[in-house]
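> Sequence below, structure please.
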Amino acid sequence: MRQTPLYYYSSASGLVRSFAERLERPVFNLAEREHRLSEVDGPWVLLTPSYKTGNDSNDTIPEAVRRFLRSEVNRRGLVGVMGSGNRNFGQHYQMAAREIARRSGRPMLFEFELAGTPWDVAEGRDILERLDEALFTAHQPAPGR
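From the prediction side, this is the model:
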């Protein structure tokens, strides 16, 4: 069964990268040019942080994520969104992930704070494994065909 890859953006702090790498599946960092300019070849999940910019009218979606989502192929393959945030950002907490989910019509699969706790990692793995199974089942031929 195919593991749905995770495309993520992580700043120099490495918090989101730490979470992504602990999920034990293919992960691609959109901070790296080769991944940011690539196009996916099937279903994938986005993991993005949200950053408080200090200005309510400013967008909190990282530019690398925005660039990756400019591709119609990438937008079409997106099946869900996960978000990392900092509760200290108040109303900006998870704003980027929630906005992308809203605009794309894809579900918010999971939210966690900073690099996530061991429970968050286990929960994230479970959610992604169930997604893998659902996608696999949806693409199986009907019995008798």
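
> pLDDT on the longest strand anywhere in the chain, on average?
In the chain, taking DSSP state E as the definition, the longest strand is strand 78-85. Strand 78-85 shows a mean pLDDT of 96.

> can you pull out the helices in the protein?
Using DSSP state H, the helices found in the chain span residues 15-21, 33-36, 63-68, 72-77, 95-104, 118-138.

> out of those helices, which comes closest to P49?
helix 15-21 (5.2 Å; Cβ to Cβ). (Glycine included, C-beta is placed from N, CA and C.)

> other SSEs contacting that closest one?
strand 6-8, strand 27-29, strand 44-49, strand 78-85, helix 118-138 (3 or more Cβ pairs under 8 Å, 6 or more residues apart in numbering; DSSP states H and E).

> Now it: buried residues?
Buried residues in helix 15-21, counting neighbours by 16 or more other Cβ atoms under 10 Å, are found at 15-17, 19-21.

> Dump those to CSV, plus distance to M108.
Compiled in CSV, the buried residues of helix 15-21 are given as follows (distance: Cβ to Cβ, whole Å):
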residue, distance to M108
L15, 19
V16, 16
R17, 20
F19, 16
A20, 17
E21, 21
